[in-house]
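Q: The following comprises the amino acid sequence and a computationally predicted model.
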Amino acid sequence: MDIERAKMVAGDIICRAEAAYLTTMGENGLPTTRAMLNLHAPERYPALVPIFAAMQSKGEIYFTTNSSSRKVGQLQRDARTAVYYCLPGEWSGLCLSGVLELVTDRQLKERLWQPAWAMYYPAGPDDLEYAILRLCPTQAELYHQLDGAKWEPGA
């Protein structure tokens, strides 16, 4: 599959996947994977569509979590990560690998804030537990039915 077609299929998978499976390196050196909210799913988070559309050329992926979560501690020790999006019924999946970072940009945290999250973060975007993570992928690998492609985002 050519890279341009692969990127289109990858974008479709990201938008349609129910969850994002984020892997960080655990304290014991073994990978730890967990399901994360897919903030890039337009049906679930329509208010985020224009924000991510403006950032599309960067290819960054965002997650929300608690600042005291294990994954935040893990990324502070070893920021290497991977995220996997899949559509199992279509035999399609996308793995993005790179460096995960804690977002400290207050304006970006406010822009990504969703009112429904107030049940977890009562102080809103100012809640100390509200954290945003950003993946800057350096490698992408697509599996689509019996075809696939590998490329370096941003290259």
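A: Cool, the structure landed.

Q: Could you list every helix and strand that the longest helix belonging to the chain packs against?
A: As far as residue count goes, and with DSSP state H defining each element, the longest helix of the chain is helix 3-16. Here helix 3-16 touches strand 80-87, strand 92-102, strand 130-144, strand 147-151, going by 3 or more CB pairs under 8 Å, 6 or more residues apart in numbering; DSSP states H and E. C-beta: built from backbone N, CA, C; applies to glycine.

Q: For stretch 22-30, measure first residue to last.
A: For stretch 22-30, the first and last residues are 14 Å from each other (CA to CA, to the nearest Å).

Q: what's the spacing between that stretch and its chain's center?
A: For stretch 22-30, the distance between its averaged C-alpha position and the chain's averaged C-alpha position is 17 Å (CA atoms, centre = their mean, to the nearest Å).

Q: buried sites along the lowest-mean-pLDDT helix or strand in the chain?
A: Taking mean pLDDT, DSSP states H and E as the measure, the helices and strands of the chain show their lowest mean at helix 49-55, namely a mean of 87. With burial defined by 16 or more other CB atoms under 10 Å, the residues of helix 49-55 counted as buried are Phe52.
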